[in-house]
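**Student:** here is my input; please provide its structure:
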Amino acid sequence: MTFHVVSDPEQVKEIMRRTDDFVPANALTSVMPLGAAARRILSRVRFALPPVLASATGEQHRRVRRLVAGFFTPAKVAAIGPRIRELTRERLGITAAALDDGPVDLADVLARHIPPVIMSELTGLDCPELTLLKRWSRDSLELFWGWPDEDRQVHLAHSAAEFYVWLNGEVAADRGTDSLFGVLDAAGLSAAEICSLGYFLVIAGQETTSQLINTALFRGIADRQRWHQLGTDGGGTGSAGTFVRHVLATESSVPTWRRAAARETHLAGTVLPAGAEILLELTGHHPPEAAPSAYSLAFGHGLHRCLGAKLAELETALVVEESARALPDLRLVDTDPGWLRLLSFQTPLSVIVARGTP
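**Tutor:** Numbers count the residues shown, from 1 in each chain. All right, here's what the predicted structure looks like:
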């Protein structure tokens, strides 16, 4: 697939504002066309992703967005802060004990544990067992944003089908409740529409935040002097908050996103034909003099800006702050870990640390 790549932040914003010219129809389509075997596996469970939120426009999109936004209001995000700290401190206690026996992977022991709990408590949705949730999330990201060959697609499709069956069961179980799925059902969305929204919302609500936490921990600990400063108490808005915004501006967990040209149109003097595939580079391209708010482009812009932006930012800042305060003597054991590198997602696969100077 060939993309017209847009790196300039102002042009990225322009594309996201021009919703009649540039549409999100391709936002959730697989980068690699799925082979027949993978399609059959998904078809058996009636896997379908009708446009609802990230890939939709128009009044239906705005109506659903308002419903989902009600679970992530500024007041609710602010109120969950103490719970984030509580969970982080619990995991740091486990981490500290494990460090007594040698190096520890913070991605495994710390970062992956907190976002799923917070997501569940805010939305009222049950989470599957953590290992299963993480496997489903990673496999789905690779299936839709990676470059798997047909044999790999079959493996990933089985995982995606399991996830979709679980979602269908949750949608049925939540009817009549005040959970997110229950509210969407009461609003008249079909089961397929709720599953479509839930499929990526469940992933985005926890996996991409865990990925951001991984990157922030890795970059923070790499600079020992800065790591000490990050423990300054700022309620998630002090030095840790500033640092997380720097990470968001330079290498967020969602560095790119896609749009398609709805019709022949112009952008910065270039003619784009109808159907042109556009890759928006959200982070890593802000000029040095960019405004302090430049980091926010990591969460998109305009009508499709991420509803969980403030939550992800707060979770990451609080985890970094609490970690730096509790474990100021951490050092990286592996300074060159493997990275997950998909079209629209990135994170270090491990953050292996030990105490003190080697």
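**Student:** what is the mean pLDDT for the helix ranked longest in the chain?
**Tutor:** Counting by DSSP state H, the longest helix found in the chain is helix 150-173. Here helix 150-173 scores 97 as its mean pLDDT.
**Student:** which residues touch residue 95?
**Tutor:** Counting by C-beta atoms under 8 Å, 6 or more residues apart in numbering, residue 95 makes contact with 104, 106, 109, 110, 327. Just so you know, the C-beta spots here come from the backbone N, C-alpha and C atoms, and that holds for glycine as well.
**Student:** please identify which of those is nearest to residue 155.
**Tutor:** residue 109 (26.8 Å; C-beta to C-beta).
**Student:** for stretch 7-22, measure first residue to last.
**Tutor:** 16 Å (C-alpha to C-alpha, to the nearest Å).
**Student:** stretch 261-275 too?
**Tutor:** Start-to-end span of stretch 261-275 (C-alpha to C-alpha) is 5 Å.
**Student:** mean confidence score for that stretch?
**Tutor:** 94.
**Student:** returning to that earlier point: and the contacts of residue 95, which two are the farthest apart?
**Tutor:** 109 and 327 (11.4 Å).
**Student:** look at these two and report which has more neighbours.
**Tutor:** A side-by-side neighbour count of residue 109 and residue 327, using other C-beta atoms under 10 Å, places residue 327 first with 20 against 17.
**Student:** would you agree the more buried one is in contact with residue 99?
**Tutor:** Yes. Taking C-beta atoms under 8 Å as the definition, residue 327 is a contact partner of residue 99 at 7.5 Å.
**Student:** any common contacting residues for the two?
**Tutor:** Residues touching both residue 327 and residue 99 comprise 353, 355, with contact defined as C-beta under 8 Å, 6+ apart.
**Student:** how about the residue most central in space within the chain, nearest residue that isn't a chain neighbour?
**Tutor:** In the chain, the C-alpha nearest the mean C-alpha coordinate belongs to residue 208, at 2.6 Å (C-alpha atoms, centre = their mean). The shortest distance from residue 208 to any non-neighbouring residue, by C-beta to C-beta, 6 or more residues apart in numbering, is to residue 253 (4.8 Å).
**Student:** who are the contact partners of the one you found?
**Tutor:** Each residue near residue 253 by C-beta under 8 Å, 6+ apart is listed here: 208, 209, 211, 212, 214, 215, 345, 346, 347.
**Student:** which helices and strands sit right next to the next helix or strand after the longest helix of the chain?
**Tutor:** Following helix 150-173 in sequence order, the next helix or strand is helix 180-186 (DSSP states H and E). Applying 3 or more C-beta pairs under 8 Å, 6 or more residues apart in numbering; DSSP states H and E, one finds that helix 180-186 makes contact with helix 58-69, helix 150-173, helix 191-204.
**Student:** for those helices, which one sits closest to residue 17?
**Tutor:** For the helices and strands packed on helix 180-186, proximity to residue 17 was assessed by C-beta to C-beta; helix 58-69 is nearest, at 15.3 Å.
**Student:** may I see the buried residues of that closest one?
**Tutor:** 61, 64, 65, 67, 68 (16 or more other C-beta atoms under 10 Å).
**Student:** what's the answer for stretch 281-301, then?
**Tutor:** 281-283, 285-286, 294-301.
**Student:** okay, now it: how far is its last residue from its first?
**Tutor:** Using C-alpha to C-alpha, the end-to-end distance of stretch 281-301 comes out at 12 Å.
**Student:** chain center to stretch 159-167: distance?
**Tutor:** 19 Å (C-alpha atoms, centre = their mean, to the nearest Å).
**Student:** ok, now stretch 221-241?
**Tutor:** On C-alpha atoms, centre = their mean, the centre of stretch 221-241 falls 23 Å from that of its chain.
**Student:** residues contacting that stretch, please?
**Tutor:** The contact list for stretch 221-241 (C-beta under 8 Å, 6+ apart) reads 81, 220, 243, 313-314, 317-318, 320-321, 324-326, 328, 330-332, 335, 351, 353.
**Student:** low pLDDT regions in this protein?
**Tutor:** Residue ranges of the chain with pLDDT under 70: 233-237, 289, 358.
**Student:** cutoff 80 now
**Tutor:** 1, 232-238, 287-293, 357-358 (pLDDT under 80).
**Student:** where do the strands sit along it?
**Tutor:** Applying DSSP state E to the chain gives strands spanning 4-6, 22-23, 104-105, 256-261, 265-267, 270-272, 277-281, 330-332, 339-341, 346-348, 352-355.
**Student:** rebuild those strands as TSV, extending it with distance to residue 238.
**Tutor:** Listed next are these as TSV, based on distance: least, C-beta to C-beta, whole Å:
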stretch	distance to residue 238
strand 4-6	34
strand 22-23	38
strand 104-105	26
strand 256-261	30
strand 265-267	39
strand 270-272	43
strand 277-281	29
strand 330-332	19
strand 339-341	28
strand 346-348	24
strand 352-355	22
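**Student:** coming back round to it: among the contacts of stretch 221-241, which ones are in helices?
**Tutor:** 81, 220, 243, 313, 314, 317, 318, 320, 321, 324, 325, 326.
**Student:** could you dump those residues to CSV with distance to residue 21?
**Tutor:** Below are the ones in helices among the contacts of stretch 221-241 laid out as CSV (distance: C-beta to C-beta, whole Å):
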residue, distance to residue 21
81, 39
220, 40
243, 36
313, 30
314, 34
317, 36
318, 39
320, 39
321, 42
324, 45
325, 48
326, 49
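**Student:** could you export those residues as TSV, including distance to residue 122 and neighbour count?
**Tutor:** As requested, the ones in helices among the contacts of stretch 221-241 are arranged in TSV below (distance: C-beta to C-beta, whole Å; neighbours: other C-beta atoms under 10 Å):
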residue	distance to residue 122	neighbour count
81	12	16
220	26	24
243	24	23
313	15	24
314	12	23
317	17	28
318	15	27
320	20	27
321	20	27
324	25	23
325	25	16
326	25	16
